[in-house]
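Trainee: coordinates only, sequence not included:
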């Protein structure tokens with residue numbers, strides 16, 4: 001695998017992909033039970049932005065089980081769209097009486113929505129992707145000229161410590 005970027009949307013050159021050959025690699029899947037716990041501050045900020053900017057439509061790329069959308073966003077914005085893998089979208093379609101839910105592979109998106117949104121959220125998704133530029137392209141695709149974009153990620157180098165930094169030479173080969 002290569003760290004070479006064709007578009008490099010301000011992603012630092014030292015970014016290390018979530019390499020499937022790393023011994024600690026595992027596919028990320030949220031759980032409905034804990035899904036409101038993580039990134040709740042991101043969705044609280046989204047709620048504030050919706051109120052302040054009179055936002056009418058929200059897209060959440062990597063919506064998971066949609067529980068944060070239900071708790072923080074749906075009470076003040078009814079036009080909600082979520083994109084995620086099958087496990088989350090199936091749950092959303094079964095449990096939520098709001099929103100439009102779409103299955104897509106965020107590493108290799110095929111979905112073509114013909115809408116643009118006032119607010120695009122992607123909370124702690126980008127660090128799970130092999131090529132983060134693809135997510136940035138998706139965000140641009142679904143954004144209007146004046147859309148707000150709320151993108152969050154962990155600081156992996158700080159969170160993982162020195163061990164992830166030591167892998168740079170191995171992964172760059």
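Mentor: Sure thing, it's come through. In this text, all values refer to a predicted model and were calculated from it rather than measured experimentally.
Trainee: C-alpha only now, for contacts and for neighbours.
Mentor: OK.
Trainee: quick one: average pLDDT of stretch 48-66?
Mentor: Across stretch 48-66, pLDDT averages out at 96.
Trainee: Pull out the buried positions in that stretch.
Mentor: 50, 55, 57, 58, 59, 60, 61, 62, 63, 64, 65, 66 (16 or more other CA atoms under 10 Å).
Trainee: Now residue 135: which helix or strand?
Mentor: Assigned by DSSP states H and E, residue 135 falls within helix 132-141.
Trainee: what do you get for residue 42?
Mentor: Applying DSSP H and E, one finds residue 42 within helix 40-53.
Trainee: what comes into contact with that helix?
Mentor: Contact with helix 40-53 is made by 55-56, 68-69, 72-73, 76-77, 119, 121, 123, 150, 152, as judged by CA atoms under 8 Å, 6 or more residues apart in numbering.
Trainee: Closest one to residue 97 out of the residues you listed, please.
Mentor: Nearest to residue 97 among the contacts of helix 40-53: residue 69, at 11.8 Å, using CA to CA.
Trainee: give me the number of residues near the closest one?
Mentor: Neighbourhood size, residue 69 [other CA atoms under 10 Å]: 28.
Trainee: just residue 140 next, same as before
Mentor: The burial count for residue 140: 15, using other CA under 10 Å.
Trainee: Then residue 91?
Mentor: 16.
Trainee: now swap in the one 4 residues further on and tell me
Mentor: Summarising burial for residue 95: neighbours were counted as other CA under 10 Å, giving 12.
Trainee: before we move on, what about the one 4 residues further on?
Mentor: Residue 99 has 19 neighbours, counted by other CA under 10 Å.
Trainee: mind listing what it touches?
Mentor: 78, 79, 80, 81, 82.
Trainee: before we move on, back to that, rebuild the buried residues of stretch 48-66 as JSON lines, extending it with distance to residue 113.
Mentor: Formatted as JSON lines, the buried residues of stretch 48-66 follow (distance: CA to CA, whole Å):
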{"residue": "50", "distance to residue 113": "22"}
{"residue": "55", "distance to residue 113": "19"}
{"residue": "57", "distance to residue 113": "13"}
{"residue": "58", "distance to residue 113": "13"}
{"residue": "59", "distance to residue 113": "11"}
{"residue": "60", "distance to residue 113": "13"}
{"residue": "61", "distance to residue 113": "12"}
{"residue": "62", "distance to residue 113": "15"}
{"residue": "63", "distance to residue 113": "16"}
{"residue": "64", "distance to residue 113": "18"}
{"residue": "65", "distance to residue 113": "20"}
{"residue": "66", "distance to residue 113": "19"}
